[in-house]
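[1] Turn this into a structure:
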Amino acid sequence: MVPVLPIRLRDFVEDPDGWIYAVSTYDNDRNVGCVLRYVPDSQGDRVNPAGQRYHKYDFEDAYARIAREKPAYAGLVQRIPVTDLRRVLKPDVEIYRIATSHDRVRKLLHLFDLPQGTIGCTGSLLCGLDNETSDIDMVVYGRHWFDAQAQVKRGIDEGKIEGMSQDMWRKVYKKRKPEIPFEAFVLHEQRKWNRGQIDGTYFDILYTRTYNDCKGVPAGKGEILGKETIEARVTDASLAFDNPAVYSVKHESVSKVLSFTHTYSGQALPGETIEACGVVEQHGHERWLIVGTTREARGEYIISKTLLGR
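    I've put the predicted structure just below:
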């Protein structure tokens, strides 16, 4: 299958064997960068509307199975030739189908005052493989994400959206396993206004670039220069909620801090001083500090010293 529209971050794709992958990159012209999520399995605990069962894979098991059974796809992310694709699922295209059968998604869709085509729903709901414990992963494209962010804040202030309870913050902290204390984690998260609860179900809003902005995405892995902890002033955080999150910084040797883990997206505002610990890579004439070089970013972090000093 050759897609009509470009494949972008947070789409899902299906290979010839019916394996379903979450797209995790923007550079997908020839080979789609993605991570395996669901595989047909008669004993699986996820069931699609047609009654077919699937097994959901976590990160490590997904990489192990790909290495074992589909090594041609293996790499930093799985890479599937576009010509191998059987199906492409797009959050912005499928959102209204999802909303017709999911009350809480429909309620969120009504709460967000956004133009058609600028909002979608990804994750298990997009694949039709959600269950009673599934969270809601909303996607908002380009500058409209910041409108949605303001609407989440207003919805919580007006009582239309449930704020995060202490128990829910604990659950998120346990899932993310960040390298910063719980209190510091919550302090950073509370001002992001990118998550909440609707009728008791957790949801978040995920940033994705518009089709026109998909070019110029940060390049692949550079030459590794070593691990470093830096203190720097953020000069641009307009892509701080993207994947990777990008912070342009003023520093004697590092020009950008990139986070490949959602934990440290939106972590700092322009003008704030951050402390960041990660791996420095050489990219052309620039040096970038990379946070999230492993799935759980062990020993790596970003904090706003400005925020914590208030």
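[2] how about the helices in the stretch 1-150 of the chain?
    Under the criterion DSSP state H, counting those that start in this stretch, helices of the stretch 1-150 of the chain are mapped to 59-69, 91-101, 103-111, 124-127, 144-157.
[3] For the first one, give the mean pLDDT please.
    Confidence over helix 59-69 (mean pLDDT, whole number) is 96.
[4] buried ones in the one helix or strand in the chain whose mean pLDDT sits lowest?
    Using mean pLDDT, DSSP states H and E, helix 166-176 stands out as the lowest-scoring helix or strand of the chain, at a mean of 91. With burial defined by 16 or more other C-beta atoms under 10 Å, the residues of helix 166-176 counted as buried are M168, W169, V172, Y173, R176. To be clear about C-beta, it is placed using only N, CA and C from the backbone, and glycine gets the same treatment.
[5] can you check stretch 98-110 too?
    For stretch 98-110, burial by neighbour count (16+ other C-beta under 10 Å) applies to I98, A99, H102, R104, V105, L108, L109.
[6] okay, these in TSV with pLDDT and distance to D213 next?
    Output for the buried residues of stretch 98-110, formatted as TSV (pLDDT from 0 to 100; distance: C-beta to C-beta, whole Å):
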residue	pLDDT	distance to D213
I98	97	24
A99	96	26
H102	95	29
R104	95	29
V105	96	25
L108	95	24
L109	94	23
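[7] Could you single out the nearest of those to D45?
    Nearest to D45 out of those is H102 (C-beta to C-beta; 19.0 Å).
[8] per-residue confidence averaged over stretch 226-233?
    The model assigns stretch 226-233 a mean pLDDT of 97.
[9] thinking again about what came up before, would you format the helices of the stretch 1-150 of the chain as JSON lines with distance to P16 included?
    Converted to JSON lines, the helices of the stretch 1-150 of the chain look like this (distance: least, C-beta to C-beta, whole Å):
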{"stretch": "helix 59-69", "distance to P16": "13"}
{"stretch": "helix 91-101", "distance to P16": "21"}
{"stretch": "helix 103-111", "distance to P16": "30"}
{"stretch": "helix 124-127", "distance to P16": "17"}
{"stretch": "helix 144-157", "distance to P16": "34"}
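[10] G123: what's it in contact with?
    Listed by C-beta atoms under 8 Å, 6 or more residues apart in numbering, the contact partners of G123 are A22, D130, S134, D135, I136, D137.
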